[in-house]
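> Sequence below, structure please.
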Amino acid sequence: MPIPITLAKSTLWSWTLILTLGAIPLGAAPHQPSTSQVPAALRAAQKKYGLPPATTLTQGVKGLGELLALQRQSCAWACLTSTFYDYRGLSLYRRQAGLHLGYDIAMEAGSGARVGWPGRVISIAPWAEGEWGVTVLSPDGREVTYGHIVPSVHLGQELQTGQIVGQIAKDHVDVKMRDAQGQYVPFGEDEKELLANGSLRLIPTSSRQQLMVGWLSAANNLEELEEELAARQREARLQKVERQKLEERYTNRRLAMRQMEGYFAQGLISRRDVEKSKQDLEKTRQELKRLKEAQRQSPQELARLQKQLVSARQRQNAAQKRAQAEGIEWAEVQNFINNLVANDRQLKGEVQNYKRRQEEAQIQALLEAKSQVRQCQAVLESQEKIYRLGGLPQRELEATRQKLEILEANLKRLQESQ
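Sure, this is the predicted structure:
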């Protein structure tokens, strides 16, 4: 299908893109995202069917009902499954039998557990394999521990009400509160009537629309994380190659600097030539320093994304399983979101604008990828000539070849996504 004329006519920039596409095969069109992938459409569905936008408050929640409502910003069907005075026997988490002394809120694995009261993180303790307890100290001396989660915070971090303290490890978060004297506080026992009338539902229930929104939200989150992780991994590979080149260049320039200082002492070159070489050496050193710092942070960032990806995949699988148990398939989810957009003129306009911007961004990304490949090919061709003359180390030549392979793979990925 040819690129729509309406896109080309939208701006002079768009005309330029169409005229300069050159190597894009005739008949190919930019990939247009499904309506189910448009953030505005997803937000509208979440707002209408029980997933309100997250809020951040300076004061804490007022009781169990508000705490539960806060968790439903991450998981629409979050519900209370255990209360303060429930009796517990010995288990993986308990050395002696006794009262629960807290409140269990059932939530989907991977969804964010939110802080009910502001404060500072003072403890991150392992509870069991893959599960942790994070304790937040409030200004008034209260300590609240959020258990059975995977932490996403660090010691000393200041948190406000509504911020995510971690992701649900399996199926619930355990919230325990102690006062300034260390006594456990049954902060939800005054809300027994809410349990009686069903406001805090002990059994999770979801409408058909909520099941579809939950699946849609989880699928989109998984897709976003997959794309971000893939981009970070490509960046890490390029950083590795670039570091090889810079280290080789820095070593060579240091050796050349020593030679030039000797030539200057002999009166063979000018001070200006020496200063120029010093500037080049310092510039290379700074570039290498920045790259090393980026590489130092890269493993932690990749590990964080991979951990989030595991949780997101679990969340997506669980949402899909719940929806399919009610006879819902993905085609129905897509029809659901399309109908929601079709019946809202303002939302429809936002979706169309988003798709247009995505099309233009994809064309721009494709052009940039082609330009990077052409530039790298030209550099490689030049370096091969210098290498044959003995003026370039093989290590730097191989690094450029590796970089070209990565850039070509990225270009191929973009072309196949059309």
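> need the strands for the protein, in chain order.
For the chain, the strands defined by DSSP state E occupy 79-82, 87-88, 98-99, 103-106, 112-114, 119-128, 131-137, 143-151, 158-159, 164-168, 172-178.
> count of neighbours near Gly65?
Other residues near Gly65 number 17, with proximity taken as other CB atoms under 10 Å. From N, CA and C alone the C-beta is placed, and that goes for glycine too.
> no wait, Glu368
13.
> what mean pLDDT would you report for the longest helix anywhere in the chain?
In terms of residue count, the longest helix belonging to the chain (DSSP state H) is helix 208-265. If you average the pLDDT over helix 208-265, you get 85.
> could you say what helices and strands that helix packs with?
helix 39-48, helix 271-325, helix 330-342, helix 394-416 (3 or more CB pairs under 8 Å, 6 or more residues apart in numbering; DSSP states H and E).
> Deepest in the core, which of those is it.
helix 39-48 (a mean of 18; mean count of other CB atoms under 10 Å).
> Show me the domain layout of this protein.
Split into domains by automatic domain parsing, the chain comes to 1-23+30-37+347-418, 50-204, 207-343.
> Out of those domains, the one nearest Ala44 is which?
domain 1-23+30-37+347-418 (5.4 Å; CB to CB).
> what mean pLDDT would you report for that closest one?
74.
> residue closest to the middle of the chain?
Nearest to the mean C-alpha position of the chain, counting by CA atoms, centre = their mean, stands Leu225 at 5.0 Å.
> Quick one: neighbours of Val185, just the number.
By the criterion of other CB under 10 Å, Val185 has 16 neighbours.
> how close does it sit to Asp104?
For Val185, the distance to Asp104 equals 16 Å [CB to CB, to the nearest Å].
> re earlier: got a markdown table for the domains of the chain, with distance to Arg43 too?
Formatted as a markdown table, these follow (distance: least, CB to CB, whole Å):
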| stretch | distance to Arg43 |
| --- | --- |
| domain 1-23+30-37+347-418 | 9 |
| domain 50-204 | 7 |
| domain 207-343 | 10 |
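> Just say which of these is most tucked in.
Most buried of the domains of the chain, by mean neighbour count (mean count of other CB under 10 Å): domain 50-204, with a mean of 17.
> Would you check that my belief about the residue nearest to the centre of the chain contacting Lys307 is correct?
No: using CB atoms under 8 Å, Leu225 is not in contact with Lys307; the gap is 10.1 Å.
> hang on, the earlier thing: okay if I get the strands of the chain as a markdown table plus distance to Ile328 and mean pLDDT?
Formatted as a markdown table, these follow (distance: least, CB to CB, whole Å; pLDDT from 0 to 100):
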| stretch | distance to Ile328 | mean pLDDT |
| --- | --- | --- |
| strand 79-82 | 21 | 83 |
| strand 87-88 | 36 | 68 |
| strand 98-99 | 40 | 76 |
| strand 103-106 | 21 | 90 |
| strand 112-114 | 24 | 92 |
| strand 119-128 | 33 | 91 |
| strand 131-137 | 31 | 94 |
| strand 143-151 | 28 | 94 |
| strand 158-159 | 36 | 94 |
| strand 164-168 | 23 | 92 |
| strand 172-178 | 24 | 93 |
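> how about JSON lines for those strands, with distance to Leu211 added?
Formatted as JSON lines, these follow (distance: least, CB to CB, whole Å):
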{"stretch": "strand 79-82", "distance to Leu211": "15"}
{"stretch": "strand 87-88", "distance to Leu211": "31"}
{"stretch": "strand 98-99", "distance to Leu211": "35"}
{"stretch": "strand 103-106", "distance to Leu211": "16"}
{"stretch": "strand 112-114", "distance to Leu211": "19"}
{"stretch": "strand 119-128", "distance to Leu211": "30"}
{"stretch": "strand 131-137", "distance to Leu211": "27"}
{"stretch": "strand 143-151", "distance to Leu211": "24"}
{"stretch": "strand 158-159", "distance to Leu211": "31"}
{"stretch": "strand 164-168", "distance to Leu211": "18"}
{"stretch": "strand 172-178", "distance to Leu211": "19"}
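> right, and those - which one's nearest Gln316?
Among the strands of the chain, the nearest to Gln316 by CB to CB is strand 164-168 (13.4 Å).
> what packs against the closest one?
Here strand 164-168 touches strand 112-114, strand 131-137, strand 143-151, going by 3+ CB pairs under 8 Å, 6+ apart.
> Can I get the ones you listed in TSV including distance to Arg356?
Shown next, in TSV, are the helices and strands packed on strand 164-168 (distance: least, CB to CB, whole Å):
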stretch	distance to Arg356
strand 112-114	32
strand 131-137	43
strand 143-151	38
